[in-house]
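> just coords:
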């Protein structure tokens, strides 16, 4: 892990900009600066298998303890101008593609909230594809050390540049919420042997949720178009508009003692022309259950991914088990240890899966999550 | 001051006193502006767990016995769990955590000025400027 001089400067400039703006803010602008982070690391039980969270990370942890894979730092500033107008910025340092502790503006949006029911946002906004997508980086807010990769590796976009409308209203004992987001985003991903430079356009996410006491149910659909170029040989390629949809249904129950979380998601793509198969298509789910003993929360998670016939993958089904122990050291610091066990062929876990092997490989992780 | 208004003030004071009498020393009282209706424990939990945003929750400083006991009684949760819920709301841009005020006097003052505000104080600190909407014991 190495932070170059240039990047250090970029980080320093971003942090200084946020803090500077916060400290010089006029008295009538209510400014809140807060942050979150994780210091931790992972290693695998086998040097041939490298674990990563999703295709936006090109490097992962093998049997050497990798701190840069799991450690991250987020800084958020909210400037409230009154009359329902505010600006929120969030900067996160984490692994992106090949670089570690890479700063990036996760969000930067202006919000108008005329009352407690409506929020309208313009700018770079969060893309909440799955139940925990919107807080995936905030380890302290989650019972696990990392969100289950079977589901959360499916769409490695965290934000879109565009707009978002959110509405929520208590109806008797229920709280109903709707959210729609639209925009575009770009990124570089590794999918199997391909490195895909993606400019995703027309990303539309629609989500509905209903909460009743300690229970929350949510359904969301995300669709996007990506101009794609698939290499057929050294000098020919198929160019087409890849259309992908994600349907996600999830729920969580947390009564203060028991925690139960479950989510199912289906990923669909159109066929690539000439090749008559999608690049990838799958369905995946996980379920997690835990029980609090004072400040300790042990949690067991089972995840499952089913690949359909596609250009990248042959039909297969893989399950994985994870065990997590969370210990709340202080009110804003949690210590976590996690062990995951997955088959060598599971492409949601390993940078280079090996479908020919039946081997089980473990990922060991430990870390501290904090907020400030 | 007209006789009419004087009467209103006095009856208000008596009403406040009678409500205060219902809560015994050591009770935590959830308070709102004088115009508020009583609320249920579920409603208070929803407000302080960030599930409904119809009211503006006010908080007392962390680490005081009253603060931790309030969360235990109102939400059946340790405060570290509540903090994790608010961390999620804050870092997803949905809501800011409850505003922390210095003491009971500051909470009462803020509540008297804003009918949307909710707070909690020790019942010993009650006075007629606010109304008890729920007693937690």
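Arrived safely. Since the model is a prediction, treat every value here as computed from it, not as a measurement. Residues are numbered from 1 along each chain as shown, chains lettered A, B, ... in the order given.

> OK, contacts around residue 44?
This is for chain A. A:50-51, A:61-63, A:361-364 (Cβ atoms under 8 Å, 6 or more residues apart in numbering or on different chains). Where you see a C-beta, it was placed from the backbone N, CA and C, and this is true even at glycine.

> switch to chain B, please.
Counting by Cβ under 8 Å, 6+ apart, residue B:44 has contacts B:30, B:74, B:118, B:134.

> switch the cut-off to 10 Å
B:30, B:55, B:57, B:70, B:73-75, B:118, B:120, B:133-134, B:136 (Cβ atoms under 10 Å, 6 or more residues apart in numbering or on different chains).

> what's the mean pLDDT across stretch A:110-121?
Confidence over stretch A:110-121 (mean pLDDT, whole number) is 94.

> any of the contacts of residue A:44 buried? List them.
A:50-51, A:61-62, A:361-364 (16 or more other Cβ atoms under 10 Å in any protein chain shown).

> Three-state assignment for the residue nearest to the spatial centre of chain B, please.
Chain B has residue B:119 as the residue nearest its centroid, 2.0 Å off, counting by Cα atoms, centre = their mean. Here residue B:119 is recorded as strand under DSSP: H, G, I helix; E, B strand; the rest coil.

> I'd assumed residue B:104 was in contact with it.
Yes - counting by Cβ atoms under 10 Å, residue B:119 does reach residue B:104; the two are 8.4 Å apart.

> which residues do those two both contact?
B:31, B:60, B:130.

> identify the bridge partners of the first one.
Each beta-bridge partner of residue B:31 is listed here, defined by DSSP bridges: residue B:119, residue B:132.

> how about residue A:350?
residue A:51.

> who touches it in this structure?
A:44, A:46, A:48-52, A:60, A:62, A:149, A:342-344, A:361, A:363.

> farthest-separated two in those residues?
Spatial extent of the contacts of residue A:350 (Cβ to Cβ) is set by the pair A:48 and A:149 at 18.3 Å.

> could you check which of the two has the larger neighbour count?
residue A:149 (26 against 14; other Cβ atoms under 10 Å in any protein chain shown).

> quick one: the more buried one and residue A:51 touch, right?
Yes - using Cβ under 10 Å, residue A:149 is in contact with residue A:51, at 8.4 Å.

> need the residues touching each of these two.
A:340, A:342, A:349-350, A:363.

> next, give me the two most distant ones among those residues.
Across the shared contacts of residue A:149 and residue A:51 (Cβ to Cβ), the longest gap, 11.4 Å, separates A:340 and A:350.

> just to be sure, residue B:69 is in a helix?
Yes - using three-state DSSP, the assignment for residue B:69 is a helix.

> how many neighbours does the closest residue to it other than its chain neighbours have?
With sequence-adjacent residues excluded and distances taken as Cβ to Cβ, 6 or more residues apart in numbering or on different chains, residue B:69 is closest to residue B:28, at 6.3 Å. When neighbours are defined as other Cβ under 10 Å, residue B:28 has 21 of them.

> distance of residue B:28 from residue A:224?
49 Å (Cβ to Cβ, to the nearest Å).

> what's the answer for residue A:290, then?
33 Å.

> where exactly do the strands run in chain B?
B:28-32, B:56-59, B:99-100, B:117-122, B:131-136 (DSSP state E).

> and those strands, which is most packed in?
Most buried of these, by mean neighbour count (mean count of other Cβ atoms under 10 Å in any protein chain shown): strand B:28-32, with a mean of 25.

> that one versus strand B:117-122: what angle between them?
Put simply, strand B:28-32 runs at 150 degrees to strand B:117-122, going by axes from the mean of the first three to the mean of the last three Cα atoms, to 10 degrees.

> could I get the buried residue list for whatever helix or strand residue A:101 lives in?
Element membership of residue A:101, judged by DSSP states H and E, is strand A:99-112. Judged by neighbour count using 16+ other Cβ under 10 Å, the buried positions of strand A:99-112 are A:99-103, A:106-109, A:111.

> which two among the residues you listed are spaced furthest apart?
For these, the farthest-apart pair by Cβ to Cβ is A:100 and A:111; their separation is 31.6 Å.

> quick one on the thing from earlier: so for residue A:29, which of the strands of chain B sits nearest?
Using Cβ to Cβ, the nearest of those to residue A:29 is strand B:99-100, at 15.7 Å.

> poorly predicted segments of the chain, please.
Going with chain A. Applying pLDDT under 70 to chain A picks out residues A:1-27, A:192.

> can you look at chain B instead?
B:1-25.

> please enumerate the helices of the chain.
I'll assume chain A. With DSSP state H as the criterion, chain A has helices at A:5-23, A:67-70, A:149-152.

> actually it's chain B I care about, not the one you picked
Using DSSP H, helices in chain B cover B:3-22, B:41-48, B:65-75, B:79-90, B:104-113.

> distance of residue A:273 from chain B?
From residue A:273 across to chain B, the span is 39 Å (Cβ to the nearest Cβ, to the nearest Å).

> spatially nearest residue to that residue (excluding sequence neighbours)?
Residue A:273 sits nearest to residue A:240 (Cβ to Cβ, 6+ apart), 5.3 Å away.

> quick one, what contacts that neighbour?
Residue A:240 neighbours (Cβ under 10 Å, 6+ apart): A:226-230, A:270-275, A:279.

> and these, which are buried?
Looks like the contacts of residue A:240 have A:226, A:228, A:230, A:272, A:279 buried, using 16+ other Cβ under 10 Å.

> identify the bridge partners of the closest residue to the second one other than its chain neighbours.
So the one you mean is residue A:228. In space, and not counting its chain neighbours, residue A:228 is closest to residue A:242: 4.2 Å by Cβ to Cβ, 6+ apart. When bridges are taken as DSSP bridges, the partners of residue A:242 come out as residue A:226.

> need the contact list for residue A:242.
A:196, A:198, A:200, A:224-230, A:269-272, A:278-280.

> and those, which of them are in strands?
Short answer: the contacts of residue A:242 in strands (DSSP E) are A:196, A:198, A:200, A:224-230, A:269.

> for burial, what's the neighbour tally of the closest residue to residue A:356 other than its chain neighbours?
Nearest residue to residue A:356 in three dimensions, chain neighbours excluded: residue A:345, at 7.6 Å (Cβ to Cβ, 6+ apart). As a burial measure, residue A:345 scores 20 neighbours (other Cβ under 10 Å).

> in contact with residue A:345: list those residues for me.
Counted by Cβ under 10 Å, 6+ apart, residue A:345 has contacts A:307, A:313-314, A:316-318, A:353-359.

> circling back to that earlier point, closest to residue A:144 among the shared contacts of residue B:119 and residue B:104?
residue B:60 (31.2 Å).

> doesn't residue B:121 make contact with that closest one?
Yes - counting by Cβ under 10 Å, residue B:121 is a contact partner of residue B:60 at 7.8 Å.
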